[in-house]
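> Need coordinates for the following:
(3 chains)
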Amino acid sequence: MKLRLDIAAIWLVLLTAPFWLPLVHGYEALGTRVLVLGLAAMSLNFLLGFTGVLSFGHAAYFGLGAYGAGLTLKLLAPSTPLAILLGMLLGTLAGAALGALIARRRGVYFAMVTIAFGQVFYFIAFRWNALTGGDDGLRGFSRQPVDLGIFTLDILNNLTLFYYFVLACFALATGIMAFLLRSPFGRTLLAIRENERRARFLGIPVEQHIWLSFVISCAFMSMAGTLYALLNNFADPKGLHYTQSGDFVIMAVLGGMRSFWGPLLGAAVFVVLQDYLSSVTTNWQSLIGLMFVVVVLFFPRGLLGFLQRKSQA
Amino acid sequence: MSLLEVKNVTKAFGSLVAVRNVSLTVEPGELRAVIGPNGAGKTTFFNLISGLFAPTEGAILFAGQDITGLVPHRRVALGMARTFQITEIFPELSVAENVRIGVEVAGGYRLRAWLRRAEDKAIKERVAEILALTNLAGKADRIVGELSHGDQRAAEISMALTLKPRILLLDEPTAGMGDQETYEVTSLIRRLHREQGYTIVLIEHDMRVVFNLADLIMVLDQGTVLAQGTPQEIAANEAVQAAYLGKAA
Amino acid sequence: MTQLILYNTFNGLIIGAFYVLMALGLSLILNLSGVINFAHGGFLAVGGYLAYTLAPHIGFWGALVVAPALTACLGIAIERTLIRRLYGRDPLYSLLLTFGLAFIFEDMTRAIWGAQGLPFTPPSFLTQPISLDFFFVTYYRLFMMAVVGIVVLGLFLFLRHTRLGVRIRAGTLDLETVSALGVNVRALRTMNFAVGIFLAGLAGVLAGGNLSLEPTMGANVLMPSFVAIIVGGVGSLPGTLFGGLLIGVASGLTTVWFPSASEAVIYVIMAVVLLVRPRGLMGEEGVMS
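Presented below is the predicted three-dimensional model:
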């Protein structure tokens, strides 16, 4: 029963955000941003916190989703759903390919390779000026109203509507992830996280399952990327850089890796903190770096882990 | 047909020969103990059987099938289950969850995203069945990492049982345990052998356990077979006594 | 054409030498302590900037030695207060820590020395160009290569013939045994880290003399250093050396025919190596897998 209450509370907060955000000096786009980055962090956590695999180059798929969506809108068709679909396809396929290449590696080596490969995509986006706009990023597209036949969702001009659109996508994505994690397949991932050797000796083909988790994680990560591009009407090469990957990881850790909703909380705190700090001081980068250090040294279980410990004591 | 046939296996790590020309034949329903002083190569021998690495020479047959080159999870699929010297369990999950994962994999559900109600029920029943057998039913919801050593071992054995194994390989099941826990684990193993009919190969240091349980004993020393026989024969064997007295056991 | 190829190969060797200097330091730290030091680029920058600040007082040559040494001291301080706490834990945490440190370094160097590129001029005799028949090069670039060559040689001799060096190598293979033999593992890790950071600081001084000093100067060398390690084989220092030179030369050569792809080629090499020989060109099976 307690679990249901937590989830109900979370959804209540998310559903009413456009109404209470202005009261706390927030703004709509901030809420949408938190949702999108939260989805990204939760997707990463599917792999990191629930399968126990450290990918540090995951922003690549976020960025690929963003560029995929942007390019679709710019070059193919003014269709938001198509943009999301193709962005996801791009990110997921790249993830599937890379995952297959490195599924046998572990630990720091795996992390290193994911970082290096992530940088390849950053580098392509940065250099392929003609297609991607280079350092300036991809512009010249915008999210298109969604035509549902009976009526049209003007997500282009109506920011509140767009927030709910993103929330719907968020609900779908997190719903699927939660569903998977509670399934026998999801339990094999937990097993791999808890004790890879034991998982192997129970007959779980570990590499195969890690690859599957990697692909699922990339799919929803790239979905988050598409939504981000739609939010900003812009795709940024920095979204592919390993510093972005680091941000996603810290969001997951800060919120609590072992908890499904932890990364969302981590994203909210991170986004708000970054916004606030960058408006208050030019040395906000140091402070963010300091936050990384503090979280790692003192709150490795994250905020939710910390609160859980306190409530048990 | 013998269940397990290890034929003249040798394992060398560079110039270090850990196991040299060892052969073993295990019939269905037997309980075979592998003993020997520290460094005798017992765990390496087990690792060869369970597939952690391949032998430098020799072959291993399981139920007549050549498994010498097979990776661990394939050997598991053929019915080979194993426990480790340091208990390998899923520490942050409950006992029931630990066992359930094994049941689901053994039942072919490892890639399933959802279960029908009947399937879920069958899985739960099987988990209960195994926990009853290993006396962990009362601790099903406890986090396994918080349990006593003996209970953790029982949990690990429970997981091995989920595979409906044809052979159980137990590596020092009573390692680091006090008298009471040793007694509990030994009783469990005896139950599995006498009442359930499992074929078991176990590595042990504790002689009381070995003489209590084993049908046959194989003694390894410095990677080679020193002696094989019934407990009485081994107890009387002078070479074995010398090997043990000559080293710290 | 041959002129162009030679020139670019030579340039590639210089770039490669840089990657080697950075990658060796990264490799030392990674092999012994399992830490991916994201802040390595930051240490490079600090080394360069310290040299810039010290040079007016102790000269270029003084700065060449003192700046890396000071940077190494900073490294020791950070290792002992921060990184040390994370050794037993999941590699995730040390990764995040060094990541955060990288942010702090970049910001702090910007705060202290400013965001503008600062010129750091080596002694004038080094900046003279040598006009050889076929291509233009300054003495400084030869000097850089020479320094890297000497340092690498010194490092290999150090690892082979000094007590500390041998312990580091042994520790990389089997830390438990080394500890059981009575070696102070904590001190060993600290000293190893210091050596790695010294190399980074030195790279910073050399880089400063070649281009101008910027807060982000280390970041550009960091990724190729990773690639050098992966290509050469994690766990193998000769592999790292080879990997660094290989990608440097490949990068230089690519400039002849496909200038815009010169950075991409190092990633292509990495992809090929991972496909064909995942443990790296000189790596050992089972290391870090």
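> Low-confidence ranges, chain B, go.
Applying pLDDT under 70 to chain B flags the ranges B:245-249.
> Just the C-alphas of stretch B:178-191, formatted as PDB.
Only the C-alpha atoms of stretch B:178-191 are listed here, as PDB (Å, rounded to 0.1, in the frame of the first residue of the first chain):
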ATOM      1  CA  GLY B 178      30.900 -23.300  13.400                       C
ATOM      2  CA  ASP B 179      29.700 -26.600  14.600                       C
ATOM      3  CA  GLN B 180      26.000 -25.900  14.600                       C
ATOM      4  CA  GLU B 181      26.000 -24.500  11.100                       C
ATOM      5  CA  THR B 182      28.200 -27.300   9.900                       C
ATOM      6  CA  TYR B 183      25.700 -29.700  11.300                       C
ATOM      7  CA  GLU B 184      22.800 -28.000   9.500                       C
ATOM      8  CA  VAL B 185      24.500 -27.900   6.200                       C
ATOM      9  CA  THR B 186      25.700 -31.500   6.500                       C
ATOM     10  CA  SER B 187      22.100 -32.600   7.300                       C
ATOM     11  CA  LEU B 188      20.800 -30.700   4.300                       C
ATOM     12  CA  ILE B 189      23.300 -32.400   2.000                       C
ATOM     13  CA  ARG B 190      22.500 -35.800   3.400                       C
ATOM     14  CA  ARG B 191      18.800 -35.200   2.900                       C
END
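> unless I'm mixing things up, A:Cys177 is touching A:Met42, no?
Cys isn't right for residue A:177; it's Met. Yes: A:Met177 lies in contact with A:Met42 (Cβ atoms under 8 Å); the separation is 6.8 Å. Every C-beta, even on glycine, is put in place using the N, C-alpha and C of the backbone.
> what residues are shared contacts of those two?
Common neighbours of A:Met177 and A:Met42, using Cβ atoms under 8 Å, 6 or more residues apart in numbering or on different chains, are A:220, A:260.
> The two: which is more packed in?
Under the criterion of other Cβ atoms under 10 Å in any protein chain shown, the comparison of A:Met177 against A:Met42 puts A:Met42 first, with 30 against 22.
> dump the residue contacts of whichever residue of the stretch 1-150 of chain C sits closest to chain B.
Per Cβ to the nearest Cβ, C:Asp90 is where the stretch 1-150 of chain C lies closest to chain B, at 13.4 Å. Counting by Cβ under 8 Å, 6+ apart, C:Asp90 touches A:Leu54.
> And it, how close does it get to C:Gly41?
The gap separating C:Asp90 from C:Gly41 is 23 Å, by Cβ to Cβ, to the nearest Å.
> Tell me how many other residues surround the residue found closest to B:Gln65 once you drop the neighbours it is linked to in the chain.
Counting by Cβ to Cβ, 6 or more residues apart in numbering or on different chains, B:Gln65 lies nearest to B:Leu78, which is 7.1 Å off, once chain neighbours are set aside. Neighbourhood size, B:Leu78 [other Cβ under 10 Å]: 16.
> Could you double-check that B:Leu78 sits in contact with B:Gly64?
No: B:Leu78 is beyond contact range of B:Gly64, at 11.0 Å (criterion: Cβ under 8 Å).
> Okay, and B:Arg82 sits in which element?
strand B:80-83 (DSSP states H and E).
> Does at least one residue of that strand sit close to chain A?
Yes: counting by Cβ under 8 Å from any Cβ of the partner chain, chain A has neighbours in strand B:80-83: B:81-82.
> in the chain, which segments are predicted with low confidence?
Just so you know, I chose chain A. Checking chain A against pLDDT under 70 turns up A:1-3, A:312-313.
> Correction: the question concerned chain C.
For chain C (pLDDT under 70), the answer is C:124-137, C:284-289.
> let's go with 50 and repeat that
For chain C, the stretches with pLDDT under 50 are C:287-289.
> quick one: the strands in it?
With DSSP state E as the criterion, chain C has strands at C:129-131, C:136-138.
> how many other residues sit next to the closest residue to A:Val215 other than its chain neighbours?
Nearest residue to A:Val215 in three dimensions, chain neighbours excluded: A:Ala96, at 5.0 Å (Cβ to Cβ, 6+ apart). For A:Ala96, the neighbour count with other Cβ under 10 Å is 16.
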